[in-house]
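1. just a sequence and a predicted model for now, questions to come.
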Amino acid sequence: MSAPNAARVRGAPDLRLMLVLLGLYVSQSIPLYLFSAAVPAILREIGVSRTSIGLLSVLALPWIVKFLWAPLVDRYALWRPLGRRRSWIVPLQASIILLVFLLAQFPPSDNLVALFVIGALIAVLSATQDAAADGYAVERLAPGERGIGNAIQGGAVAVGVIGGGAGSLLLYDQIGWQGALTTVGVIALLAALPLALMQEEPMQDDEQASLRPSLRNFFARADARGAIAFCLLYRGSEGLVKGMEQPFLVDSDLSLSAVGLVSGGSAATVGLIGSALAALVIRATGLRQCLWGLGLARTAIFAGFALFAALELGGTIVLIGLALLHTLCRYMEIVALYSLFMGLCSRAQAATDFTLLSCAQLLVYMAGAMVSGVIADAIGYAVVWPTHSLMRARIAPHQQAQEGLDEDQPEPRQPDEEQGTVDRELDGRNLVNQIRHRCADAPFWRAAALRPFVHVDLVLTEPVTR
């Protein structure tokens, strides 16, 4: 860790860095949600077939598989004098904004092919830029700043929903396609202005020659499989329920306007609150306690959904309240998980590691969402919610057993003062010994289920220098 980062471990956050991250993620989110939240509605309004609109979902593919080329973002700089991260972030973001301006010249009623091609370019460029941005955030944020940094990222998503999604639809209604997209492009450009404050040293020849980032390096680490397992288990249950939340609201006799309000503007507002609240909770109680609390809160929320589905307990206000609480927890969870992911990243390949973990959680979330409809059709909503609650509740006994074993563990090692509290990468043999110690007296099934939490608990309690 650099000296400036070490100095900020327990002090005030770097306001310049936070402003850069805010501009970076807001500018990135607005074009993204233009395509995911506004364009489908506009296309349907002008009479485009549902089949054609459905094909737009393929534009999400680069965000799912971006881990495949993330090692290239770690290893190379597009222009070395700008620095390794900045040489990707600045030109790619500028290209995305230019493509939004270009798209404004092609009304979708007569230019569906142009819409798809430009959308595909924006998707690839934004996914690549996001990998570089996440690598920059991992390298620049001190451990004590990760909660705030990821709250900014979560808040940027909410701003993207409002600006790129709802805002674009309102503008389209008032001034048409060209005016709406030109305005969105200007807003994204203004949001990107803080990128001028990015600080990074030029990339040297010997630095590029020494870098060999790869997916294999990540999976060769002793804690890799445990990190992936925790990621999949923690996020998989959410996709199972989120995929059916809106249909459940409709089937519970909420109007489409009410569903739109709960899932749109209100959700974005609640998301901003949740992102900020997560940063405060992490700073006050620590990351482990925050993840614990969110897991228990989610279990309670979906138990409430289950009671409503099975017994129709409570009225519309209760149902809307549960939906908004779910959104609050979802944004808080993203902040907490991304803070955890940053702690799992090697500084030698920060973009690769973080991108792989974020793609893994997205994949399992999407898989859960796809399966949820099958479950709901087959056996009803009243089973979807308890299934999620049971998946969440199973975490508790394993973590309790783990905490009981923590009493025999030594105190966390304190790194050198100049390095501060840094990212950790446990020695493989030490990690295996830890797992054996914790699982020695447990039945096979319990030991297998406990392993992911052993890995993550060590991440949160035993930072070491690398």
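-> Right, received. Where do you want to start? Residues are numbered from 1 along each chain as shown.

2. need the three-state assignment for Gln153.
-> The local conformation at Gln153, judged by DSSP: H, G, I helix; E, B strand; the rest coil, is helix.

3. and if you look at the one 10 residues further on?
-> Secondary structure state of Gly163, per three-state DSSP, is helix.

4. quick check, it in contact with Ile30.
-> Yes. Between Gly163 and Ile30 there is a contact at 4.9 Å, judged by Cβ atoms under 8 Å. Where C-beta positions appear, they are placed from N, C-alpha and C, glycine not excepted.

5. so these two - more neighbours on which side?
-> Neighbour tally, Gly163 and Ile30, criterion other Cβ atoms under 10 Å: the higher count belongs to Ile30, 29 against 25.

6. correct me, but the more buried one touches Val184?
-> Yes. Using Cβ under 8 Å, Ile30 makes contact with Val184 at a distance of 6.2 Å.

7. list the residues that contact both of the two?
-> Gly163, Gly164 (Cβ atoms under 8 Å, 6 or more residues apart in numbering).

8. distance of Ala104 from Gln178?
-> Using Cβ to Cβ, to the nearest Å, Ala104 is found at 5 Å from Gln178.

9. for the two, indicate the residue with more neighbours.
-> A count of neighbours by other Cβ under 10 Å puts Ala104 above the other of Ala104 and Gln178, at 18 against 15.

10. what helices or strands is the one helix or strand Val20 maps to leaning on?
-> When elements are assigned from DSSP states H and E, Val20 belongs to helix 15-33. Counting contacts by 3 or more Cβ pairs under 8 Å, 6 or more residues apart in numbering; DSSP states H and E, helix 15-33 packs against helix 86-103, helix 112-140, helix 146-160, helix 168-191.

11. excluding sequence neighbours, find me the nearest residue to the residue nearest the centre of the chain.
-> Nearest residue to the geometric centre of the chain (Cα atoms, centre = their mean): Ile334, 5.1 Å. Nearest residue to Ile334 in three dimensions, chain neighbours excluded: Gly154, at 5.1 Å (Cβ to Cβ, 6 or more residues apart in numbering).

12. let me see the contact set for the one you found.
-> Here Gly154 is in contact with Gly271, Gly274, Ser275, Ala278, Tyr331, Ile334, Val335, Tyr338 (Cβ under 8 Å, 6+ apart).

13. burial of the fifth one, as a residue count?
-> If I follow you right, that is Tyr331. The burial count for Tyr331: 25, using other Cβ under 10 Å.

14. isn't it up against Ser275?
-> Yes. Counting by Cβ under 8 Å, Tyr331 touches Ser275, with 5.1 Å between them.

15. identify the contacts common to the two.
-> Gly154, Ala158.

16. about what we covered before: and the contacts of Gly154, which two are the farthest apart?
-> Spanning the widest gap among the contacts of Gly154 are Gly271 and Tyr338, at 14.1 Å by Cβ to Cβ.

17. ok, for Ala41, nearest residue in space, not its chain neighbours?
-> The shortest distance from Ala41 to any non-neighbouring residue, by Cβ to Cβ, 6+ apart, is to Leu169 (6.0 Å).

18. tell me which element the residue nearest to Pro40 when sequence neighbours are not counted is part of?
-> Excluding its sequence neighbours, the residue lying closest to Pro40 (Cβ to Cβ, 6+ apart) is Ile53, at 5.1 Å. Element membership for Ile53 (DSSP H and E) is helix 50-55.

19. elements contacting that helix?
-> With contacts taken as 3+ Cβ pairs under 8 Å, 6+ apart, helix 50-55 sits against helix 39-45.

20. who does the helix it packs on touch, helix- and strand-wise?
-> helix 50-55, helix 168-191.

21. buried ones in whatever helix or strand comes next after the shortest one?
-> In this case it means helix 50-55. Next helix or strand after helix 50-55 toward the C-terminus (DSSP H and E): helix 61-65. Within helix 61-65, the residues that count as buried by 16 or more other Cβ atoms under 10 Å are Pro62, Trp63.

22. name the residues that touch the next helix or strand after helix 61-65?
-> Downstream of helix 61-65, the next assigned helix or strand under DSSP H and E is helix 70-75. For helix 70-75, contacts defined as Cβ under 8 Å, 6+ apart pick out 84, 88, 128, 131-132, 135, 208, 211-215, 348-352, 355-356.

23. where does the protein dip in pLDDT?
-> For the chain, applying pLDDT under 70 flags the ranges 1-12, 203-211, 236-237, 241-246, 248, 255-267, 312-314, 372-373, 375-376, 379-466.

24. helix/strand/coil for Phe106?
-> coil.

25. any idea how far Gly119 is from it?
-> Going from Phe106 to Gly119 by Cβ to Cβ gives 11 Å.

26. what does Arg86 give?
-> Taking Cβ to Cβ, one finds Arg86 at 26 Å from Gly119.

27. what about the two, which has more around it?
-> Remark: of Arg86 and Gly119, Arg86 carries more neighbours, 23 against 19, as counted by other Cβ under 10 Å.
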